[in-house]
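J.: From the sequence below, what's the structure:
(one chain, ligands or ions: 1)
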Amino acid sequence: MLDIVQYPAEVLRRPAEPVTEITGEIAALARSMIETMYAAPGVGLAAPQVNQSLRMFVMDPGGEEDKRQPAVVINPRIIESVGEATSEEGCLSIPGYYAEVPRAKTIHVQFLDAHGNPVERTLSDFPAFVFQHEFDHLDGILFVDYLSRTRHRLFERDYGRDPWRWKFRSRR
Ligand code: NI
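T.: Numbering: from 1, shown residues only. This next block holds a predicted model:
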């Protein structure tokens, strides 16, 4: 199991480096990230969140234990974004804090899977929101960056002051 880096760690703000070769180490990292994501529990986890500044993440927006379908996403690109939607999000690196953020409703994406095979997909709604959230992590962007200036200021003040209060707050 891997430790999940918590806000405001610097690695969460650093643009990640492309994966140049899918080695055994990368495959092992992907497996550990999947285990860590399910244990958290979460629906996505990006490499910078486990202190690896690499352009890869894992996701499973289905999230049901009996039909897990984890995807390993390496060097992703969002080719096209269509439509607008609002997504209520949280982040394993900002436990206990949730907010509605704007996302594209549908995205067309390309990436490499855990075996280095090129994959092309069109995602809509929740899977698309998860993909966009994790993709942002690779560029050092967090979902709280989409808050209004005022709400972002309140977030920084309140969350920074007492993260434990948020961590154990119920969702609503
Ligand atoms: Ni996140």
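J.: Pop out the phi and psi values for the most centrally placed residue in the chain.
T.: The chain has Glu134 as the residue nearest its centroid, 2.7 Å off, counting by CA atoms, centre = their mean. Here is the backbone geometry of Glu134 (degrees, to the nearest 10): phi -70, psi -40.
J.: hey, what's the spatially closest residue to it that is not a sequence neighbour bridged with?
T.: In space, and not counting its chain neighbours, Glu134 is closest to Phe57: 4.0 Å by CB to CB, 6 or more residues apart in numbering. C-beta: built from backbone N, CA, C; applies to glycine. In this entry, Phe57 is beta-bridged to Ala46, Val73, by DSSP bridges.
J.: looking at it, Phe57 is touching Phe135, isn't it?
T.: Yes - between Phe57 and Phe135 a contact is recorded at 7.5 Å, counting by CB atoms under 8 Å.
J.: Who has more neighbours out of the two?
T.: Legend: neighbour count by other CB atoms under 10 Å for Phe57 and Phe135, higher for Phe57 (28 against 22).
J.: tell me the contacts of the more buried one?
T.: 33, 44-47, 73, 76, 134-135, 137-138 (CB atoms under 8 Å, 6 or more residues apart in numbering).
J.: one more time with 10 Å, if that's ok
T.: 16, 30, 33, 37, 44-49, 71-74, 76, 111, 130-131, 133-135, 137-138 (CB atoms under 10 Å, 6 or more residues apart in numbering).
J.: Would you mind listing the buried residues in the lengthiest helix in the chain?
T.: Counting by DSSP state H, the longest helix found in the chain is helix 24-39. By 16 or more other CB atoms under 10 Å, the buried positions in helix 24-39 come out as 26, 29-30, 32-34, 36-38.
J.: would a markdown table of these with pLDDT be doable?
T.: Output for the buried residues of helix 24-39, formatted as a markdown table (pLDDT from 0 to 100):
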| residue | pLDDT |
| --- | --- |
| Ile26 | 97 |
| Leu29 | 98 |
| Ala30 | 98 |
| Ser32 | 98 |
| Met33 | 98 |
| Ile34 | 97 |
| Thr36 | 98 |
| Met37 | 97 |
| Tyr38 | 95 |
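J.: okay, the residues you listed in a markdown table with distance to Ser148 next?
T.: Compiled in a markdown table, the buried residues of helix 24-39 are given as follows (distance: CB to CB, whole Å):
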| residue | distance to Ser148 |
| --- | --- |
| Ile26 | 38 |
| Leu29 | 36 |
| Ala30 | 36 |
| Ser32 | 36 |
| Met33 | 32 |
| Ile34 | 34 |
| Thr36 | 32 |
| Met37 | 29 |
| Tyr38 | 33 |
